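In: let me see the structure of the following:
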Amino acid sequence: MWRARITGRKDRSLVTGAGILIDAKRLLTCAHLVKDCSDLTVSFVQTGRRDLQDLPADISHMGPWQRPGDPGDVAVLELPHEIDLVPARLSLRPLQSSTTVELNAHGFPKDSGLFGSALRLRVTSSHGIGEWLHIEAATGHAEIPRGGFSGSGAYEEISGEVLGMISDASNDQNRRTGRMIPVGTIRRHWEEIDDLLDLPWMPRDERIRLRAIVRDARTDVDLATLVANEFPGTPRPRDLVSPWDAIRFVAEELHADGRVARVVNAVAAHLTDSHTGANLKDWIRHDLRTPPAADTTKADEDAEPSFFISYSRDDAAYVNRLAEHLRSQGLPVWLDVHAKWGSNPIREAHRRISQALGVIVIMSPSAERSDRMIGEVLQAQEHDRRIFPILLRGKVPYFLGATQPFDARDGGMPDESYIRVLRNIHDATAVTGTQGPVSAQPPPAPPPPLPVSLISGTASTRNLVSFLKDGDLEHADIWTTTLLLEAAGRIRNGWMRQVDGGRLPYELLSEVDTLWSRASDGTQGFGAQLSRHAGPAAGTPAGYAGDFFALAEALGWRESRQATPRYGEFVPSGPLPTGFFPTLRNPQLEHYRGWHDHWRQTVMAVHLQLRKWRGRR
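Out: Coordinates of the predicted model:
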């Protein structure tokens, strides 16, 4: 119901277009539609309510647009009073350059009657033409971009998210094309819209106060130069038009710990207005303070264990709705917007994961490309946290191929069966006082493997190199297992049979061994393992239980036939035995009975192939 019809008079002619309700009183539309118009009115024709028709409206903001082709074709209208309609959900989610995206719009061409006309459109590239994106009609014999669609919200049908606003149409109707302004571009011409967006880099209340303080501020230096000088070694930014533009550029483009605090302090030092400077310094003292470490630790110890949500910034709108949904079910959740200002966000996230009831992973194409999210998934596995995937868009990333996701590609919330599992873990923890899902009864068997068609991506050694370089041996270990499972075609199952090991390329085994050996001065890797256990003793069948247990004892995986602990307690805290890594364990399966047999079969599948590889060298 956020779609609006806008009318006005210009040069004695009736002007008709569209608008997007963005809060209880304001609408977004195009500057060219309402500039120099009189008698502006707004009607929400789809509601069927008389009290929401022909509402008078005033222009409260006008972008820099002056003539056709100019940038900044953005205007904001304000109604005389608040109305009780749900506003549009604006999204900064970027369109993927590798796919054609279909969107919808609702406009009001003069020949379409009171209720307007629907347009299905295509965005064929995320590469802009100036500040616009190219659009074209998605169907050959239906509505096309034309007059009356100016100001229409371009929205995704399933999620309902508005990704931009239609601004132009080709003068040649045979071309059936036009242009749209993405939400990210609208921000440059009306900064106040940021108060309405989900921006995870700062808590909403603090962010709104900060933007209000610097709204009309001026500095005595060029802001792009200030940012470049403050963060040497980073690419020089685009032209920055205001202090707020500089702050959000640093927060959203540079992504490093403490950088927002640094740029806010740098801006404060160069403000020309002493009153604004005093207000900003006051904000810094009260909202940018870092709490003492002891106080933070105590507060965390007293906090209720929560479900950690791992997500890409592009999916923040869905995540906020999910968090509210889970809280309404009595389930505590934590996401990075709850982090204390001044804390290290990566360290804070990893600490929260180690204490979490479970980790909910929001899967999308942008999440699959996120090294931060891969690190959070590996951190969850390292600490035996159970992973609960939600597939929002695209396919399941290969590094979660052994898990069954909840399908939310229609934008829906998790169903009762998903909630019931989370609630059982939460209730079991509340009774025992133990953090994490260990106390919850594990399911009797692993979930069935996902169809191959539902899994995307290909594992590479790039992450393994990075983990080993940084000394993250547990992450490198889990990633090694991922590499080999993917190479054997068993990523969706999460474990290997003996026959699967024969599909492992010798080149991959050699590369993995070399990386581990170089990082450990030869003490870890497949070569080190073969030196400790080249094969079974006489009379013991190769690849069977006796062979595995002898290997496990030789590598320090097992002592005196004691039960093997789960991964979080498996890695020694002291010096590593020679050949301990790679362990070939998949912690995703270790919340299910029978995981040890799957591990044993995986190890033997790989080692039988390793013995053939050694014989060829």
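In: just the helices in the stretch 251-400 of the chain please.
Out: Under the criterion DSSP state H, counting those that start in this stretch, the stretch 251-400 of the chain contains helices at 259-268, 274-287, 293-302, 316-328, 345-355, 365-368, 371-382.
In: any residues touching the shortest one, and which ones?
Out: When contacts are taken as Cβ atoms under 8 Å, 6 or more residues apart in numbering, the neighbours of helix 365-368 outside the stretch itself are 93-94, 96, 311-315, 361, 373, 393-394, 397, 456-457. Heads up, the C-betas are built off the backbone N, CA and C, glycines and all.
In: same check on the longest one?
Out: Judged by Cβ under 8 Å, 6+ apart, the contacts made with helix 274-287 from elsewhere in the structure are 206, 209-210, 213-214, 216-217, 264-265, 267-268, 271, 341.
In: now do 10 Å
Out: 202-203, 205-207, 209-210, 212-218, 243, 261, 264-265, 267-271, 273, 288, 341-342 (Cβ atoms under 10 Å, 6 or more residues apart in numbering).
In: can you show me the strands along the stretch 301-450 of the chain?
Out: For the stretch 301-450 of the chain, strands defined by DSSP state E, counting those that start in this stretch occupy the ranges 307-310, 333-334, 358-363, 387-391, 396-397, 406-407.
In: dump those into TSV; add mean neighbour count as well.
Out: Shown next, in TSV, are the strands of the stretch 301-450 of the chain (neighbours: other Cβ atoms under 10 Å):
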stretch	mean neighbour count
strand 307-310	25
strand 333-334	21
strand 358-363	26
strand 387-391	22
strand 396-397	25
strand 406-407	16
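In: tell me which of those strands sits nearest to Ala545.
Out: Nearest of the strands of the stretch 301-450 of the chain to Ala545, taken as Cβ to Cβ: strand 387-391 at 29.1 Å.
In: re earlier: weakest of the helices of the stretch 251-400 of the chain in terms of mean pLDDT?
Out: Mean pLDDT is lowest for helix 293-302 among those, at a mean of 40.
In: Ala261 and Ala268, how far apart?
Out: 11 Å (Cβ to Cβ, to the nearest Å).
In: equivalent analysis for Arg188, please.
Out: Applying Cβ to Cβ to Arg188 and Ala268 gives a distance of 23 Å.
In: circling back to that earlier point, when Ala261 and Ala268 are compared, which one has more neighbours?
Out: Using other Cβ atoms under 10 Å as the criterion, Ala261 and Ala268 rank with Ala268 on top: 21 against 15.
In: pLDDT below threshold where in the protein?
Out: 95-99, 126-127, 255-258, 288-304, 337-346, 430-446, 559-562, 617 (pLDDT under 70).
In: spatially central residue for this structure, please.
Out: Ser312 (0.8 Å; Cα atoms, centre = their mean).
In: do I have it right that that residue meets Ser364?
Out: Yes: with contacts counted by Cβ atoms under 10 Å, Ser312 reaches Ser364, the gap being 6.0 Å.
In: need the overlap of contacts for the two.
Out: Arg93, Ser370, Met373, Leu392.
In: can you tell me which of those residues is closest to Ile158?
Out: Using Cβ to Cβ, those come closest to Ile158 at Leu392, 10.2 Å.
In: so the closest one sits against Leu322, correct?
Out: Yes: at 9.3 Å, Leu392 and Leu322 qualify as touching, with contact defined as Cβ under 10 Å.
In: between these two, point out the one with more neighbours.
Out: Using other Cβ under 10 Å as the criterion, Leu392 and Leu322 rank with Leu392 on top: 26 against 22.
In: I'd like the distance between the more buried one and Val267.
Out: Distance from Leu392 to Val267, by Cβ to Cβ: 35 Å.
In: and Leu77, by the same measure?
Out: Counting by Cβ to Cβ, the gap from Leu77 to Val267 is 31 Å.
In: report the backbone C-alpha coordinates of stretch 64-78 in PDB.
Out: Output of stretch 64-78 as PDB, limited to C-alpha atoms (Å, rounded to 0.1, in the frame of the first residue of the first chain):
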ATOM      1  CA  PRO A  64      20.000  19.400  -7.700                       C
ATOM      2  CA  TRP A  65      18.200  18.400 -10.900                       C
ATOM      3  CA  GLN A  66      17.500  21.300 -13.300                       C
ATOM      4  CA  ARG A  67      16.900  19.900 -16.700                       C
ATOM      5  CA  PRO A  68      16.600  16.500 -18.500                       C
ATOM      6  CA  GLY A  69      19.700  14.400 -18.100                       C
ATOM      7  CA  ASP A  70      20.800  16.100 -14.900                       C
ATOM      8  CA  PRO A  71      21.800  14.000 -11.900                       C
ATOM      9  CA  GLY A  72      19.900  14.400  -8.600                       C
ATOM     10  CA  ASP A  73      16.400  13.800  -9.900                       C
ATOM     11  CA  VAL A  74      15.100  13.300  -6.300                       C
ATOM     12  CA  ALA A  75      12.400  15.000  -4.400                       C
ATOM     13  CA  VAL A  76      10.700  14.500  -1.000                       C
ATOM     14  CA  LEU A  77       7.000  15.300  -0.400                       C
ATOM     15  CA  GLU A  78       5.500  15.800   3.000                       C
END
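In: could I get the buried residue list for that stretch?
Out: For stretch 64-78, burial by neighbour count (16 or more other Cβ atoms under 10 Å) applies to Trp65, Gly72, Asp73, Val74, Ala75, Val76, Leu77.
In: assign the closest residue in space to the third one that isn't next to it in sequence to helix, strand or coil.
Out: Spelled out, that is Asp73. Closest residue to Asp73 apart from its sequence neighbours, by Cβ to Cβ, 6 or more residues apart in numbering: Trp65 at 4.4 Å. The three-state label given to Trp65 by DSSP: H, G, I helix; E, B strand; the rest coil is coil.
In: what does Glu82 give?
Out: Glu82 - assigned by three-state DSSP - is coil.
In: contacts only, for it.
Out: Per Cβ under 10 Å, 6+ apart, neighbours of Glu82: Asp23, Ala24, Lys25, Arg26.
In: mind giving me the ChimeraX command for buried ones among those?
Out: Typed into ChimeraX, the line below selects the buried ones among the contacts of Glu82, using 16+ other Cβ under 10 Å:
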select :25,26
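In: in helices, which of the contacts of Glu82 fall?
Out: Among the contacts of Glu82, no residue falls in helices (DSSP state H).
In: let me see the contact set for His32.
Out: 15, 17, 63, 65-68, 70, 73-75, 150-151, 167-168.
In: same deal with Arg262?
Out: By Cβ under 10 Å, 6+ apart, the neighbours of Arg262 are Val227, Glu230, Phe231, Val250, Leu254, Ala256.
In: thinking again about what came up before, ok, the buried residues of stretch 64-78 vs Thr564, which is closest?
Out: Val74 (61.3 Å).
In: wait, that closest one sits on Thr185?
Out: Yes: between Val74 and Thr185 there is a contact at 8.4 Å, judged by Cβ under 10 Å.
In: shared neighbours of these two, which are they?
Out: Met165, Ser167.
In: report the contact partners of Leu77.
Out: So Leu77 contacts 4, 6, 8, 19, 21-22, 25-29, 33-34, 40-42, 55-61, 151 (Cβ under 10 Å, 6+ apart).
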